[in-house]
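> Sequence and predicted structure are below.
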Amino acid sequence: QVQLVESGGGSVQAGGSLRLSCVVSGDTYSMYYMAWFRQAPGKEREGVASIGSIGLPRYVDSVKGRFTISQDNAKNTLYLQMNSLKPEDTAMYYCVADRVNWLLYDRYKYWGQGTQVTVSS
């Protein structure tokens, strides 16, 4: 069974940047489709960015041009570079994986424990 461990969250001021990382273990990384989800207090969970096996990314409209998803298959690691952060980006961010490409749909089977991102104005 695959395990996902996120890191890189923290507190920043609006306009700042963070890079989230997610290390995958327990199975062959290249067999999985990966994505980042987030959930803010009182809000539904939403898909932020996804990446397929050949690296084609998708983004929710609210982060296009600011966030970049990438992966290093040799390191079994998924990244989310977040620039020009806004207070509305404040949420718990989760790394997710599945052998099915769910894109930004909330159907992924495997979830990390989450890493908190807080953006102050």
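Great, that's in hand. Numbering: from 1, shown residues only.

> Residues in a beta bridge with residue 71, which ones?
residue 78 (DSSP bridges).

> Test my guess that it contacts residue 78.
Yes - the pair formed by residue 71 and residue 78 meets the contact definition of CB atoms under 8 Å, at 5.0 Å. No exception for glycine: its C-beta is placed from N, CA and C like everyone else's.

> ok, the two, which is more surrounded?
Neighbours per residue (other CB atoms under 10 Å) separate residue 71 from residue 78, with residue 78 holding more: 28 against 21.

> Could you double-check that that one sits in contact with residue 21?
Yes - the pair residue 78 and residue 21 passes the contact test of CB under 8 Å, sitting 7.3 Å apart.

> Which neighbours do these two have in common?
By the contact definition CB atoms under 8 Å, 6 or more residues apart in numbering, residue 78 and residue 21 are jointly contacted by no residue.

> returning to what we had before: quickly list what's touching both of residue 71 and residue 78.
When contacts are counted by CB under 8 Å, 6+ apart, the set common to residue 71 and residue 78 consists of 34, 51.

> who touches the residue nearest the centre of the chain in this structure?
With distances taken as CA atoms, centre = their mean, residue 36 lies nearest the centre of the chain, 2.3 Å away. Counting by CB under 8 Å, 6+ apart, residue 36 makes contact with 20, 22, 47-50, 69, 78, 80, 93-96.

> With respect to residue 120, which of the residues you listed is nearest?
Nearest to residue 120, judged by CB to CB, of the contacts of residue 36 is residue 93 at 16.5 Å.

> now the protein, which segments are flagged as low pLDDT?
By pLDDT under 70, the weakly predicted segments of the chain are 53, 55.
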